[in-house]
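Visitor: mind folding the following:
(chains A and B)
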Number of protein chains: 2
Amino acid sequence: MDECTPVLNTGLRGIEVASSRICDVRGKEGKLIYRGYSIEELAQKASFEETCFLLLYERLPQKEELSKFNQSLKAKRRVPENLFSFLKSLPRDMNPMDVLQMTTPLLIQTDANAGKDGMENTLYSAENLIAGLATITAAWDRIRNDKEPIAPDSNLDHAANFLYMLNGEKPDRETGHFFDVSLVLHAEHSFNASTFTARQVASTKAHIYASISAAMGSLSGALHGGANVRVMEMLKQILSIDKIDEYINNILDEGGLIMGLGHAVYQTDDPRAKIIAPMSRRMGELSGNTLWYDLSRELEIRGKKAFMERKQREIFCNVDFYSASLFYAMGIATDLFTPLFAISRVSGWTAHVIEEQFAMAAPKTSLYRPGAAYVGDYCGPDECTYSEIDER
Amino acid sequence: MDECTPVLNTGLRGIEVASSRICDVRGKEGKLIYRGYSIEELAQKASFEETCFLLLYERLPQKEELSKFNQSLKAKRRVPENLFSFLKSLPRDMNPMDVLQMTTPLLIQTDANAGKDGMENTLYSAENLIAGLATITAAWDRIRNDKEPIAPDSNLDHAANFLYMLNGEKPDRETGHFFDVSLVLHAEHSFNASTFTARQVASTKAHIYASISAAMGSLSGALHGGANVRVMEMLKQILSIDKIDEYINNILDEGGLIMGLGHAVYQTDDPRAKIIAPMSRRMGELSGNTLWYDLSRELEIRGKKAFMERKQREIFCNVDFYSASLFYAMGIATDLFTPLFAISRVSGWTAHVIEEQFAMAAPKTSLYRPGAAYVGDYCGPDECTYSEIDER
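Guide: Numbers count the residues shown, from 1 in each chain, chains lettered A, B, ... in the order given. Predicted coordinates:
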């Protein structure tokens, strides 16, 4: 393994650990591909449900298949009754991501074949998770605000129904559409940290509920799912366009980063950011307040310029940069941004669990079980000798 | 990365992904080392609490430190009240590992600084997890059997108190001691799948409760934590010594494996198996039934011999081979074997989370975020063109 020493303590950055047919992220070109289709085409033409079908079943559905799939998701929106009483027993200030991680395995109760072997059972569970986690997220937001959860409305599609369960009002057509597109955009992104967690847990042959719950934990980390929350905090801190330059200068003087600018993989603007930006502007107009979009836009322009001047290199928008102002204009609480990410990404996670357990493109040696270099030097090169407690 | 292509689809087997000061597994020699100390010394001389201290604080405690640590764990045995009502709301047949994964984040409620940055806060949380998860495991076993949970007894050490909370009776001295040693033996084993999951989640800066809950999910997989369950099922299937040869022949004819023989890392008998075997024998005597030990012993001898004759290579006992009969003789339900593993291993998991977040022996590039090789060939080398739904 001498040739491979860079693997040590690099977080596996750039190391291809598996082959996958699900998603291609082409950082240089700024391309994101789900199962052969570009994110631009999917965002423009496919609903979230259709995108889920594509991710899970490896192709776009025919008309009847999509209609059946939609029905199946709708039937799975209802969650077990003890889930609500559990949510009501929790402290109101509990982090929504902790709530999602805890409650994910509760959905087993509405899945008679949960944990049983077989791809068909696991696909059923995947649909149960996609449908159920949206219901839990909306219910928790209401319960923590002392409101009763709202039953799903089967006349609405997944995106509009979520907003309805969250707010108690059906969204207007444009808002529903923007939210649907957001779900499509966040659905999948190859082996990011949470997806890797989901696959890793699935590789032990744990069931899909255990895998998705674990992925929730991974996504909850500040380095992963929380980025658009911090974009919003930044915008609130800046608060007016004439403060932008000062903000940029201060942050760059301190060697800090402008939240939402820069990405580990893309070396150009994130293709999702380009789709979200105009939605954020329009959503600002609809909500009667374009401040957050305007701030974002100016911050992008001036931030990029400042970065070039100071560091002589380009920096680019990532997906979180405009999703913050988009979600905020929709009236969504800031600490729900990461859960929104989760209820979309669960489609990608479940597709990866299924690939890991049933459809590996190339043979894979059972579970992920890496090595570690032991560097404990407690007693030099020798083993330590246990000394009696009075002699320490 | 051309030199490193073996990483692809090998489950990272043999790839050292990080440096660590916690544990060394020397497969060839059959050595297991926790922070410099051999497992043989620790099993003989250290309590589980002392082992936890060693894992978390990197050295054996002085007398007063150990006494303080014991008190701290005892104070953390009580779990939030809503946890019991939640457990009572669950279907009685829910898998105990699912229950542990779900309830782990509930312990946040008794940890005022949960999720706050800093090593000291996280060490507090680690102790809260080590103490609390034992209480949850015992409580769930009682509740699913329609019994009331039993409050912890602060006169008892961790091992004896667990058995007391489980059975409602204080264990005799020997049983308590054997259980304590089992906890020491299962506490840590370097980067196995669940530990890797815990570290991976922690690497996103998710809090330790999210990390440990995720590790529970990983351990629940049949390829990971369930091995001694399957050893027990095998012993029950064989049921008498004169059926052993037939069993071995049938299983080897089918190309199958004898559960509990063979290990991914050890190329000799697992050092833990050698410590557990005599405890299993003695526990059989104490319980008035040595059948399961006797069966295991004969199966080991004849299985090893048959393996050598048929495959011309040695095979060795792993930790699960004798822990099955040991736990069974203690009267523990088979489906609690993996949770017992969990309430011990949480000590190792938490030590790894702390190392990942605060004490990396070498600098590490933030979170685990590997690459994947995209092999989707849905539309040849080109992107697919989205066709309208009626035209598919």
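Visitor: is stretch A:76-92 positioned near chain B?
Guide: Yes - using CB under 8 Å from any CB of the partner chain, stretch A:76-92 reaches chain B at A:N82, A:S85, A:F86, A:S89, A:L90, A:P91. For glycine as for every other residue, the C-beta is placed from the backbone atoms N, C-alpha and C.
Visitor: the residues you listed: which two are farthest apart?
Guide: By the measure CB to CB, A:N82 and A:P91 form the most distant pair in the residues of stretch A:76-92 next to chain B, at 18.2 Å.
Visitor: who has more neighbours, the two?
Guide: The neighbour comparison of A:N82 against A:P91 (other CB atoms under 10 Å in any protein chain shown) goes to A:N82, with 15 against 10.
Visitor: quick one: that one is in a helix?
Guide: Yes - checked against DSSP: H, G, I helix; E, B strand; the rest coil, A:N82 lies within a helix.
Visitor: and it, what pLDDT?
Guide: In this model, A:N82 is scored at 92, pLDDT.
Visitor: for the residue nearest to it when sequence neighbours are not counted, list the residues it contacts.
Guide: The shortest distance from A:N82 to any non-neighbouring residue, by CB to CB, 6 or more residues apart in numbering or on different chains, is to B:S89 (4.2 Å). When contacts are counted by CB atoms under 8 Å, 6 or more residues apart in numbering or on different chains, B:S89 is found next to A:N82, A:S85, A:F86.
Visitor: ditto for A:A159
Guide: Contacts of A:A159 (CB under 8 Å, 6+ apart): A:S47, A:F48, A:G176, A:H177, A:F179, A:D180, A:S182, A:L183.
Visitor: which residues does the fifth one contact?
Guide: What that stands for is A:F179. Here A:F179 is in contact with A:A159, A:A160, A:F162, A:L163, A:P171, A:M330 (CB under 8 Å, 6+ apart).
Visitor: make a markdown table out of the residues of stretch A:76-92 next to chain B and add distance to B:E356 and secondary structure.
Guide: Listed next are the residues of stretch A:76-92 next to chain B as a markdown table, based on distance: CB to CB, whole Å; DSSP: H, G, I helix; E, B strand; the rest coil:
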| residue | distance to B:E356 | secondary structure |
| --- | --- | --- |
| A:N82 | 34 | helix |
| A:S85 | 36 | helix |
| A:F86 | 30 | helix |
| A:S89 | 32 | coil |
| A:L90 | 28 | coil |
| A:P91 | 27 | coil |
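Visitor: which residues touch stretch A:283-301?
Guide: Residues outside stretch A:283-301 that contact it (CB under 8 Å, 6+ apart): A:172, A:174-175, A:178, A:231-232, A:235, A:238-241, A:244, A:247-248, A:258, A:260-261, A:277, A:280-281, A:317, A:321-322, A:324-326, A:328-331.
Visitor: so which of those sit within helices?
Guide: Among these, the members found in helices (DSSP state H) are A:174-175, A:178, A:231-232, A:235, A:238, A:244, A:247-248, A:277, A:280-281, A:321-322, A:324-326, A:328-329.
Visitor: same question for whichever strand or helix holds A:A139, mean pLDDT?
Guide: Assigned by DSSP states H and E, A:A139 falls within helix A:119-144. Average pLDDT, helix A:119-144: 97.
Visitor: ditto for stretch A:86-105
Guide: Across stretch A:86-105, pLDDT averages out at 97.
Visitor: end-to-end on it?
Guide: 13 Å (CA to CA, to the nearest Å).
Visitor: got the buried residues for that stretch?
Guide: A:86-90, A:94-105 (16 or more other CB atoms under 10 Å in any protein chain shown).
Visitor: quick one on the thing from earlier: check the contacts of A:F179 and tell me the two furthest apart.
Guide: It's A:A160 and A:M330 that sit farthest apart of those, by CB to CB, at 12.0 Å.
Visitor: which bits of the stretch 51-200 of chain A sit near chain B?
Guide: A:58-63, A:66, A:82, A:85-86, A:89-91, A:94-95, A:97-98, A:101-106, A:108-109, A:115, A:190-194, A:196-197, A:200.
Visitor: residues near A:L42, how many?
Guide: Neighbours of A:L42 using other CB under 10 Å come to 26.
Visitor: tell me where chain A has strands.
Guide: A:16-20, A:23-26, A:31-34, A:37-38, A:371-374, A:378-381 (DSSP state E).
Visitor: show me what from the stretch 201-350 of chain A comes close to chain B.
Guide: Checking the stretch 201-350 of chain A against chain B by CB under 8 Å from any CB, the hits are A:201-207, A:209-211, A:213-225, A:264.
Visitor: now, of those, which are buried?
Guide: A:201-207, A:209-211, A:213-222, A:224-225.
Visitor: now, which of the contacts of B:S89 sits nearest B:Y124?
Guide: A:F86 (25.7 Å).
Visitor: show the contacting residues for the closest residue to the closest one other than its chain neighbours.
Guide: Nearest residue to A:F86 in three dimensions, chain neighbours excluded: B:F86, at 5.4 Å (CB to CB, 6+ apart). Residues near B:F86 by CB under 8 Å, 6+ apart: A:F86, A:S89, B:T103, B:L106.
Visitor: widest-spaced pair of those residues?
Guide: Most distant of these, by CB to CB, are A:S89 and B:T103, 12.2 Å apart.
Visitor: who's in contact with A:R369?
Guide: B:G11, B:L12, B:R13, B:F191, B:N192, B:A193, B:F196, B:A264.
Visitor: picking that back up, in helices, which of the residues of the stretch 51-200 of chain A next to chain B appear?
Guide: Short answer: these in helices (DSSP H) are A:63, A:66, A:82, A:85-86, A:97-98, A:101-103, A:193-194, A:196-197, A:200.
Visitor: on that earlier part again, between the contacts of B:S89, which sits nearest chain B?
Guide: A:N82 (4.2 Å; CB to the nearest CB).
Visitor: is that closest one in contact with A:I108, as I believe?
Guide: No - counting by CB atoms under 8 Å, A:N82 sits too far from A:I108 to count as a contact (11.8 Å).
Visitor: find the nearest non-adjacent residue to A:K170, please.
Guide: A:Y164 (5.1 Å).
Visitor: ok, and the most crowded of the contacts of A:F179?
Guide: Neighbour-wise, the contacts of A:F179 (other CB under 10 Å) top out at A:F162, 27 neighbours.
Visitor: got a pLDDT number for that one?
Guide: 98.
Visitor: check contacts around it.
Guide: A:A134, A:T137, A:A138, A:F179, A:I343.
Visitor: look up how far chain B lies from the second one.
Guide: By that I understand A:T137. 16 Å (CB to the nearest CB, to the nearest Å).
Visitor: burial count for the nearest residue to that residue once chain neighbours are set aside?
Guide: Nearest non-adjacent residue to A:T137, counting by CB to CB, 6+ apart: A:P339, 4.8 Å away. By other CB under 10 Å, the residues close to A:P339 number 27.
Visitor: picking up where we left off before, adding distance to chain A and pLDDT, write the contacts of A:R369 out as TSV.
Guide: As requested, the contacts of A:R369 are arranged in TSV below (distance: CB to the nearest CB, whole Å; pLDDT from 0 to 100):
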residue	distance to chain A	pLDDT
B:G11	5	90
B:L12	4	91
B:R13	6	88
B:F191	4	96
B:N192	6	95
B:A193	5	96
B:F196	6	98
B:A264	6	77
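Visitor: just the buried subset of those residues, please.
Guide: B:G11, B:L12, B:R13, B:F191, B:N192, B:A193, B:F196.
Visitor: now those as TSV including distance to A:F53?
Guide: Shown next, in TSV, are the buried ones among the contacts of A:R369 (distance: CB to CB, whole Å):
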residue	distance to A:F53
B:G11	29
B:L12	31
B:R13	34
B:F191	37
B:N192	36
B:A193	31
B:F196	32
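Visitor: so A:K28 is in contact with A:T268, correct?
Guide: Yes - counting by CB under 8 Å, A:K28 touches A:T268, with 7.3 Å between them.
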